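Undergrad: give me a model of this one.
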Amino acid sequence: MAWGGLTRLKPYTEARFRLAVDRARDRLGQRAASENQRALHARVRSLEGAGRLGGGLPLRRIPIRRGSRYVFVSPDDVDWCEAARNYVKLHVAEEAYLYRSTLRDLGASLDDRFVRIHRSLIVNVDRVQEVRAKTEGEWTVILHDGKELPLSRTYRHRLLS
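TA: As a prediction, the model looks like this:
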């Protein structure tokens, strides 16, 4: 109750007051950490969507989610990419990373060093060692590490021009 502009408070102990202040500080710290985490996730989503939303600049780093953290892969290190349902599998040397995107969206986000060679494959042309005719109408792309990838008739002109 207020009497003449003064408020009466319930009695409290110094220990309870300190406990309440510490609890409030902890909650404020958690809220700030949570807001920082939301901001980081929003930034990563904007990086993931850079190529999809406006045909912006090519991706400089590809954010790969690994549990509760992100690993960033440079497109310079990617040898080739393959479609894997709702993901794209990025092949980097001996490693493979799953990136949540479609092959078309990722291809639009990468620079012109990356060329689609098959409905489910994109290759870094800097990694291509040679292109070989297998049989009549069938071609194979051979990468610097000896990996062979099919080159479809539909996309052949993109690689060979």
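
Undergrad: Pro75 contacts Pro63, correct?
TA: No: judged on C-beta atoms under 8 Å, Pro75 makes no contact with Pro63 at a distance of 11.9 Å. (Glycine included, C-beta is placed from N, CA and C.)

Undergrad: which of those two has more neighbours?
TA: With other C-beta atoms under 10 Å as the criterion, Pro75 and Pro63 differ in neighbour count, and Pro75 comes out ahead with 20 against 17.

Undergrad: show me what contacts the more buried one?
TA: 58-62, 110-111, 113-114, 124 (C-beta atoms under 8 Å, 6 or more residues apart in numbering).

Undergrad: same thing with Leu98?
TA: For Leu98, the contact set (C-beta under 8 Å, 6+ apart) comprises 64, 84, 87-90.

Undergrad: want to throw those residues into CSV with secondary structure, pLDDT and distance to Asp26?
TA: Converted to CSV, the contacts of Leu98 look like this (DSSP: H, G, I helix; E, B strand; the rest coil; pLDDT from 0 to 100; distance: C-beta to C-beta, whole Å):
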residue, secondary structure, pLDDT, distance to Asp26
Ile64, strand, 91, 32
Ala84, strand, 92, 42
Tyr87, strand, 92, 38
Val88, strand, 95, 41
Lys89, strand, 96, 42
Leu90, strand, 96, 40
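
Undergrad: emit the PyMOL select command for whichever of those are buried.
TA: Buried residues among those (16 or more other C-beta atoms under 10 Å), as a PyMOL selection:
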select buried, resi 64+87+88+89+90
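
Undergrad: list the buried residues for stretch 122-130?
TA: By neighbour count with 16+ other C-beta under 10 Å, stretch 122-130 contains the buried residues 122-124, 127-128.

Undergrad: and the strands in this protein?
TA: Using DSSP state E, the strands assigned to the chain run over residues 2-3, 6-7, 62-66, 69-73, 80-84, 87-92, 95-100, 114-118, 121-124, 128-135, 138-143, 148-151.

Undergrad: of those strands, which is nearest Val21?
TA: strand 6-7 (19.2 Å; C-beta to C-beta).

Undergrad: okay, and the beta partners of Asn124?
TA: Taking DSSP bridges as the rule, Asn124 bridges to Phe114.

Undergrad: quick check on Phe147: phi, psi?
TA: Quick fix: residue 147 reads Lys, not Phe. Torsion angles at Lys147 (phi, psi; degrees, to the nearest 10) stand at phi -60, psi 130.

Undergrad: alright, I will stop here.
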